[in-house]
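Asker: coordinates only, no sequence provided:
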C-alpha cells in the first residue's frame with residue numbers, strides 16, 4: 001500500500017508545509033514508516049489503530065421517489081453528486097469522512113441499474129459505503145531531535161452497495 005503524506009503534512013494542525021510530495025510504501029501496517037521531506041527533517045508514522053465503519057448516503061434524486069414500471073431501472077451513480085461530511089465514532093474519538101452522496105434517476109444517469117420489486121410503490125435510492133480508517137501517530141524530528149507529535153486519521157472506501165427503499 002502506498003501512502004501520500006504531502007497533503008497530510010500541509011494540513012496538519014502544526015502548520016508544517018511539505019517541500020514536495022513524498023510517497024511512502026508500507027509493507028506491514030504495524031511497522032513505523034520514516035519519511036524525510038526536507039534536509040534535517042524526518043517524520044515517522046506509526047499505525048496505532050484500525051476501524052471499519054459504514055455510512056449510508058441518500059443520493060440526489062426526486063424527493064418523493066420514483067414509481068417505475070415492471071422491468072425498468074432506477075439508475076444510481078455512486079461517484080457523482082455533492083460531497084457530504086459524515087462523523088463516525090472510533091475507539092480513539094470522532095472521525096469525519098467526506099463522501100460523494102451519488103445521484104439517481106430514471107434517465108440521464110449512468111451506473112448501477114436497480115429494479116424495484118413492485119410497480120405499485122415509489123422508491124428512493126440509498127448507498128451503503130464501507131470504510132477502513134487508520135489512526136496514526138506522527139512524530140516530527142529536526143536533526144534527530146523530536147520536536148512534536150500529532151495524530152492523523154486516513155480512510156479508504158473499500159466497498160459500496162446501492163439499494164432501493166420503498167417510500168410509499
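Answerer: Received, thanks. Bear in mind that the values here come from a model prediction, so they are computed numbers and not experimental data.

Asker: C-alpha from now on. contacts and neighbour counts both.
Answerer: Will do.

Asker: which stretches in this protein count as helices?
Answerer: 6-10 (DSSP state H).

Asker: shaky segments in it?
Answerer: 1-36 (pLDDT under 70).

Asker: in it, which spans are strands?
Answerer: Counting by DSSP state E, the segments of the chain that form strands are 2-4, 23-25, 32-35, 41-57, 66-67, 74-77, 83-90, 93-100, 103-105, 112-114, 122-142, 145-166.

Asker: of these, which stretch is the most buried?
Answerer: strand 103-105 (a mean of 25; mean count of other CA atoms under 10 Å).

Asker: who touches it?
Answerer: Here strand 103-105 makes contact (CA atoms under 8 Å, 6 or more residues apart in numbering) with 59-62, 74-78, 80-81, 109, 125.

Asker: in a markdown table: those, plus distance to residue 160.
Answerer: As requested, the contacts of strand 103-105 are exported to a markdown table (distance: CA to CA, whole Å):
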| residue | distance to residue 160 |
| --- | --- |
| 59 | 13 |
| 60 | 16 |
| 61 | 18 |
| 62 | 22 |
| 74 | 17 |
| 75 | 15 |
| 76 | 12 |
| 77 | 11 |
| 78 | 8 |
| 80 | 14 |
| 81 | 15 |
| 109 | 17 |
| 125 | 13 |
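
Asker: ok, these vs residue 53, which is closest?
Answerer: residue 78 (17.6 Å; CA to CA).

Asker: can you report how many residues neighbour the closest one?
Answerer: Residue 78 sits with 24 neighbouring residues when counted by other CA atoms under 10 Å.

Asker: is it in contact with residue 100, as I believe?
Answerer: Yes. Counting by CA atoms under 8 Å, residue 100 is a contact partner of residue 78 at 7.1 Å.

Asker: and for the chain, the residue most distant from the center?
Answerer: For the chain, the largest distance from the centre (CA atoms, centre = their mean) belongs to residue 120, which lies 35.9 Å off.

Asker: separation between it and residue 109?
Answerer: Noted for residue 120: a distance of 23 Å to residue 109, by CA to CA, to the nearest Å.

Asker: residue 133 now?
Answerer: From residue 133 to residue 109 the distance is 30 Å (CA to CA).

Asker: next: residue 38.
Answerer: For residue 38, the distance to residue 109 - CA to CA - is 46 Å.
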